[in-house]
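**Student:** Please find the sequence and the predicted model below.
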Amino acid sequence: MAVKTFNPTSPAVRQMTVADYSVLTKKAPEKALLKTGKKNAGRNSYGRITVRHQGGGNRKKIRIIDWKRTRDGIPATVTAIEYDPNRTSFIALIQYVDGVKSYILAPNGLKVGDKVVSGTDCDIIAGNVLPIANIPVGTVICCVELKPGKGAQMVRTAGSSAQLMAKEGDYAQVRLPSGEVRMVSVKCRAMVGEIGNAEHENVNLGKAGRKRHMGVRPSVRGVVMNPNDHPHGGGEGKSPIGLPGPVTPWGVATLGKKTRNKKKQSNKYIVKSRKG
């Protein structure tokens, strides 16, 4: 996967880069696997903005991804690699031998015509899904479940992967992309391989309009506002925030303030924090 650049016909295009979509084999999505997503532009049921900097953007339909992969023992063939506007990774359209179609995240190296399968006795090949109990220690995995049968919740972004570090009893230790080592039940499932489209992090948007196409509205720094608009505002010329630490427009500490509950129930499953 490469990053595509353009001739500098304008200041924006000079900086802009896009992912190389030559690996995609199909433009139109599978209609049976689409659903319409409701856009609320960050507003609640009263019409009040509760999440700032949201609104506009291109229309995009939600692709229904099979996060559980419970059709065990039924081989499926990859029929297409597609773009998904709702995520950074590409998706693969697979068709089972009985005719059922579904979308999965496309791991690195998966091509049209490849066979994928799920179950307890699958080969350790990219795209196959197995319980962690049946995956050898040291294997690179992705799309990891947190609770058995709930579906993949971790390691789903482009270019990300986890590594199975150890297995002991009912739990396995998985090193996540953040560096955190976490205990996961060996009954949980995971996909073998690394999520594709790893070059996504190198893409430069180049202009503000591309962010607006994504539905992200502009954000303004608090220090350039007036005092009645933000606690950081006011002062003559460029001035510091004048506070012990940065705060939100409503005066709540931010930017480094720890928000995780120290008594959170799942803390006991963290073997090593991502902070070290």
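**Tutor:** Perfect, thanks for sending it. Numbering: from 1, shown residues only.
**Student:** Pull up the distance across stretch 50-65, start to finish.
**Tutor:** 28 Å (C-alpha to C-alpha, to the nearest Å).
**Student:** Show the residue spans covered by the helices in this structure.
**Tutor:** For the chain, applying DSSP state H gives helices covering 11-15, 208-213.
**Student:** Could you list every helix and strand in contact with the first one?
**Tutor:** Applying 3 or more C-beta pairs under 8 Å, 6 or more residues apart in numbering; DSSP states H and E, one finds that helix 11-15 makes contact with no other helix or strand. (C-beta placed from N, C-alpha, C; glycine too.)
**Student:** what residues does it touch?
**Tutor:** Applying C-beta atoms under 8 Å, 6 or more residues apart in numbering, the contact partners of helix 11-15 are F6, N7, P8, N204, G206, K207, G209.
**Student:** now the last one
**Tutor:** Taking contacts as C-beta under 8 Å, 6+ apart, the residues outside helix 208-213 that touch it are A12, M16, G56, G57, N58, L205, P218.
**Student:** quick one, what contacts the nearest residue to P85 once chain neighbours are set aside?
**Tutor:** Distances taken as C-beta to C-beta, 6 or more residues apart in numbering place K60 nearest to P85, at 4.1 Å, with adjacent residues excluded. Contacts for K60 were tallied using C-beta under 8 Å, 6+ apart; they are G37, P85, N86.
**Student:** if we can go back for a sec, tell me which of the helices of the chain lies nearest to D66.
**Tutor:** Set against D66 and scored by C-beta to C-beta, those come closest in helix 208-213, at 27.8 Å.
**Student:** Can you give me the buried ones in the closest one?
**Tutor:** Residues of helix 208-213 classed as buried by neighbour count (16 or more other C-beta atoms under 10 Å): K211.
**Student:** for the record, mean pLDDT for that helix?
**Tutor:** The pLDDT scores in helix 208-213 average 94.
**Student:** Please apply the same query to stretch 76-88.
**Tutor:** When pLDDT is averaged along stretch 76-88, the result is 95.
**Student:** swap in stretch 28-37?
**Tutor:** Mean pLDDT, stretch 28-37: 92.
**Student:** Most neighbours among the contacts of helix 208-213, which one?
**Tutor:** Using other C-beta atoms under 10 Å as the neighbour test, these are led by M16, with 18 neighbours.
**Student:** Need the nearest residue in space to that one, chain neighbours excluded.
**Tutor:** Leaving out its chain neighbours, the residue that sits closest to M16 by C-beta to C-beta, 6+ apart is G206, at 2.7 Å.
**Student:** quick one: the one you found and T17 touch, right?
**Tutor:** Yes: using C-beta atoms under 8 Å, G206 makes contact with T17 at a distance of 7.0 Å.
**Student:** ok so, going back, sort out for me which of the contacts of K60 are in strands.
**Tutor:** With strands taken from DSSP state E, there is no overlap with these.
**Student:** quick revisit: can the contacts of helix 208-213 go into a markdown table with extra columns for distance to I64 and pLDDT?
**Tutor:** As requested, the contacts of helix 208-213 are arranged in a markdown table below (distance: C-beta to C-beta, whole Å; pLDDT from 0 to 100):
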| residue | distance to I64 | pLDDT |
| --- | --- | --- |
| A12 | 35 | 88 |
| M16 | 31 | 92 |
| G56 | 25 | 92 |
| G57 | 20 | 91 |
| N58 | 19 | 93 |
| L205 | 28 | 93 |
| P218 | 32 | 95 |
